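**Q** Provided below for reference: sequence and predicted model.
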Amino acid sequence: MSHLDEGQLTLLLDGELSPEARAEAERHLAGCADCRRLYQEVRDLAGEADRLVATVEPAVRPAPAVQPSAPRPRRAWERWRPLAWAATLVLAAGLGWYARLGHLDGAPAADRLGAARAESAKAADLPDNAPRPPEPAAPLATLPEATTRDGPAASSSAARPAEAQPAAPPPAVEQAQPAEAPVAAAPAPAPRRDAEAVAGTLAAGNALEARRERAPAAAGASRAVTTAEAPLAARDEVSSKQAVEDAAVSPARSVSLEQAIRVLGGSIRLVDGMTPVAVRTIPGRGVPGAEPDAVVVRIVYLDPPGRELWLDQQRPGPAEPEAGARSAPALLPGDTLVSALADGQRRLRWRDPEGFHLSLAGWLSGDSLKALARRVR
């Protein structure tokens, strides 16, 4: 075995060798004087290092001196806090006193409002041809506001005939305003409440009179609506039948989608995801495989190259299945039939569960037509 180096001797000294390597190293040390001397030097060096580390003491850091905290300066808003509380209390007391004064001043206005409502109720009980009492002249400045709040009532009052409002003599005007002097002498808030009360009374009176005038007209209108609604269903049925008959005897013509729905009896089939460019009605005798005496509704689409693609649909009547069986091969719901037309087009025919006869015709392959047929809703 070769001599041991310092690394192996250090591992041996630290006890980090495996048992086999340790036994072999100890046997070598027993027979090699040079390795024993080197091992002793490594041991002495390690012991000296441990002794030096033990004798070194860490430096002691002096504790920081505690400085006495300076007094915190008083903030400016803290000095004004008592004054703010005092101002709040004074403001609350002033608002309470002002509200109490306003309540006391509003008592006469409430009494006058009750009297005005009583007068309005008496006026509502009068017959239509009775002369109306003259309106007060003082609150004329508030009439636009009343007109804005109740527009129909004000317009009805303005449209009232002149004979229903006879002019009253000046003494009557003076008698109708007994409270003008107290209102003028009242404090500032009282006239405003008086004006609002009188304006509300005028609006209420005008509304009552407008409702009384509109009652006969509303009754007549309701009777007219009831009379007009009676034959509505019959007229719709007649118009639907007339549309079917007109389409059956006329050549192909463009119609609206609503007219097409009416011809088909209230429902229509469309290709999901495509937008129709035209809607036409065609006699059944002009469409191969269709019932000759029924109407065909043709929805025109455009395929990707820009050529027309036709979705024909027909709803046979109750007496037409036998004729259809004689004129074309019978199709059960779910069956499809692809045929080639003379101009190079292909037509895919099928029948849905509700009895609609459907067909797709265009310059597409049969597989493409079948894929489009699955999108018909």
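**A** Nice, I can see it.
**Q** where does the stretch 51-200 of the chain have low pLDDT?
**A** Applying pLDDT under 70 to the stretch 51-200 of the chain picks out residues 57-59, 70-71, 73-74, 102-200.
**Q** 80 instead?
**A** Along the stretch 51-200 of the chain, segments meeting pLDDT under 80 span 54, 56-79, 102-200.
**Q** All the strands of the stretch 201-350 of the chain, in order from the start?
**A** With DSSP state E, counting those that start in this stretch as the criterion, the stretch 201-350 of the chain has strands at 253-254, 278-283, 295-302, 308-314, 336-340, 346-351.
**Q** In JSON lines: the ones you listed, plus distance to W363, mean pLDDT and mean neighbour count.
**A** C-beta coordinates here come from the backbone N, C-alpha and C atoms, glycine included. Shown next, in JSON lines, are the strands of the stretch 201-350 of the chain (distance: least, Cβ to Cβ, whole Å; pLDDT from 0 to 100; neighbours: other Cβ atoms under 10 Å):
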{"stretch": "strand 253-254", "distance to W363": "22", "mean pLDDT": "90", "mean neighbour count": "11"}
{"stretch": "strand 278-283", "distance to W363": "17", "mean pLDDT": "93", "mean neighbour count": "18"}
{"stretch": "strand 295-302", "distance to W363": "11", "mean pLDDT": "94", "mean neighbour count": "21"}
{"stretch": "strand 308-314", "distance to W363": "8", "mean pLDDT": "93", "mean neighbour count": "21"}
{"stretch": "strand 336-340", "distance to W363": "11", "mean pLDDT": "86", "mean neighbour count": "14"}
{"stretch": "strand 346-351", "distance to W363": "8", "mean pLDDT": "91", "mean neighbour count": "20"}
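**Q** Of these, give the one that comes closest to E20.
**A** Evaluated over the strands of the stretch 201-350 of the chain, closeness to E20 peaks at strand 336-340, with 87.3 Å, by Cβ to Cβ.
**Q** And the strands of the stretch 201-350 of the chain: which comes nearest A25?
**A** strand 336-340 (94.1 Å).
**Q** For that closest one, enumerate the helices and strands it packs against.
**A** strand 346-351, helix 366-373 (3 or more Cβ pairs under 8 Å, 6 or more residues apart in numbering; DSSP states H and E).
**Q** before we move on, back to that, out of the strands of the stretch 201-350 of the chain, flag the one nearest T55.
**A** Using Cβ to Cβ, those put strand 295-302 closest to T55, at 101.8 Å.
**Q** could you give the angle of the closest one to strand 278-283?
**A** Per axes from the mean of the first three to the mean of the last three Cα atoms, to 10 degrees, the angle that strand 295-302 makes with strand 278-283 is 150 degrees.
**Q** what are the pairing partners of strand 295-302, and which direction each?
**A** strand 278-283 (antiparallel), strand 308-314 (antiparallel) (DSSP bridges).
**Q** what comes into contact with the first one?
**A** Outside of strand 278-283, the residues within contact range by Cβ atoms under 8 Å, 6 or more residues apart in numbering are 247-257, 259-260, 263, 292, 295-300, 312.
**Q** Test my guess that G289 contacts R349.
**A** Yes: using Cβ atoms under 8 Å, G289 makes contact with R349 at a distance of 5.4 Å.
**Q** what sits in contact with each of these two?
**A** Taking Cβ under 8 Å, 6+ apart as the contact rule, G289 and R349 both touch 337, 339, 357, 359.
**Q** thought the first one was touching R351?
**A** No: checked against Cβ under 8 Å, the pair L337 and R351 is beyond contact range at 9.6 Å.
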